[in-house]
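Trainee: Next input, structure requested:
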Amino acid sequence: MQLGLAFASIFAAVIPMFTYLLIIWWMDRNERDPFWVVFLNFFWGATGAIVLGIIGSIIFQIPLSMGIQTLFGSDSGNLNDLSGAIITAPLVEEFTKGMFVVMIAASRKFDGVVDGVVYGGAIGLGFGMTENFLYFLTYGTEPASWLFLVIIRTLFSAVMHCMSTATLGGFIGMAKFKPIGYKILLVPAGYLIAVFLHFSWNLTVSFESTTLFGFLFLILYFFAWIAIFQIAVYMEGKTIAKELNEESGSGLIPAEHMNYLPFVSRRNKFGWCPQGGKSERIRKSCRHSRTKKISG
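Mentor: Residues are numbered from 1 along each chain as shown. Down below sits the predicted model:
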């Protein structure tokens, strides 16, 4: 029975998160990066962010627990557990997840809010996958409890990790091409919002009387997140089209290529951009379609 639940836990942890990852990647309809780049972020969330999160949580929790013990004495047991969930976990885990977004933001492939949301969401899904697997093994001791845990963590807890780090990634993407003053403001703001989302979820589900509010809060945030992401994708598309139209007007890009370049679904079709190059203009256009990035 336990061996069967262990194998089931692997599938229950991996398949939903990988499916979510494909959906997020697909939603970037303007400048969809190679899947391996998105998967690299997912892999960091599933490995490095988890390991550093565990180490960081242990280190961070030690002085916090000592302070609680000093203030509350024998009543500090439950408070220690609660502080780990609502203080330590949000602060440490959002940092270890977000640090990779900060590093990859220096890459030329990272060019704005949409990339930040996709990369951050991928990291959160990787983190949620590994955390789910550990939870399924630890607490899903019986089929009924295991199934309930799988449903709750797949639909809510892991999605929370995705949205919190995606939010931070969006702010990092917004800050990339801004002056340093904006960077100093935007990146910490994104981190604090991510921490608040994580904190709010952990706090509300820690008490039976407030669990419903936690579910409602996360559902509302999910719809708001989807709406904002779609707006960001739309604005990115408008910017791409504007820049391409300017270059088409200057003769850099053939006018007929404007039926393909702004649209990822058309751009990936075979035959519209001849290989081997009949002219320098065609070669520049093909190269442009692969490397064009937003710079403002």
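
Trainee: quick one, helices of the stretch 101-250 of the chain?
Mentor: 113-139, 143-152, 158-175, 180-204, 211-249 (DSSP state H, counting those that start in this stretch).

Trainee: so what does the first one touch, helix or strand wise?
Mentor: Packed against helix 113-139 by the contact rule (3 or more C-beta pairs under 8 Å, 6 or more residues apart in numbering; DSSP states H and E) you find helix 2-27, helix 35-46, helix 48-72, helix 89-104, helix 143-152, helix 158-175, helix 211-249. C-betas here are computed from N, CA, C, even on glycine.

Trainee: so of the ones you listed, which one's packed in deepest?
Mentor: helix 158-175 (a mean of 27; mean count of other C-beta atoms under 10 Å).

Trainee: Can I get that helix in PDB? Just the C-alpha atoms.
Mentor: What follows is helix 158-175, C-alpha atoms only, in PDB (Å, rounded to 0.1, in the frame of the first residue of the first chain):
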ATOM      1  CA  ALA A 158       1.100  24.800  -5.800                       C
ATOM      2  CA  VAL A 159      -0.800  27.400  -7.800                       C
ATOM      3  CA  MET A 160      -0.100  29.900  -5.000                       C
ATOM      4  CA  HIS A 161       3.600  29.200  -5.400                       C
ATOM      5  CA  CYS A 162       3.200  29.800  -9.100                       C
ATOM      6  CA  MET A 163       1.400  33.100  -8.800                       C
ATOM      7  CA  SER A 164       3.500  34.500  -6.000                       C
ATOM      8  CA  THR A 165       6.800  34.100  -7.900                       C
ATOM      9  CA  ALA A 166       5.100  35.000 -11.200                       C
ATOM     10  CA  THR A 167       4.100  38.300  -9.500                       C
ATOM     11  CA  LEU A 168       7.700  39.000  -8.400                       C
ATOM     12  CA  GLY A 169       8.900  38.000 -11.900                       C
ATOM     13  CA  GLY A 170       6.500  40.500 -13.400                       C
ATOM     14  CA  PHE A 171       7.800  43.300 -11.300                       C
ATOM     15  CA  ILE A 172      11.400  42.300 -12.100                       C
ATOM     16  CA  GLY A 173      10.500  42.400 -15.800                       C
ATOM     17  CA  MET A 174       8.900  45.800 -15.400                       C
ATOM     18  CA  ALA A 175      12.000  47.100 -13.700                       C
END
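
Trainee: pLDDT of stretch 169-178, averaged?
Mentor: Stretch 169-178 shows a mean pLDDT of 94.
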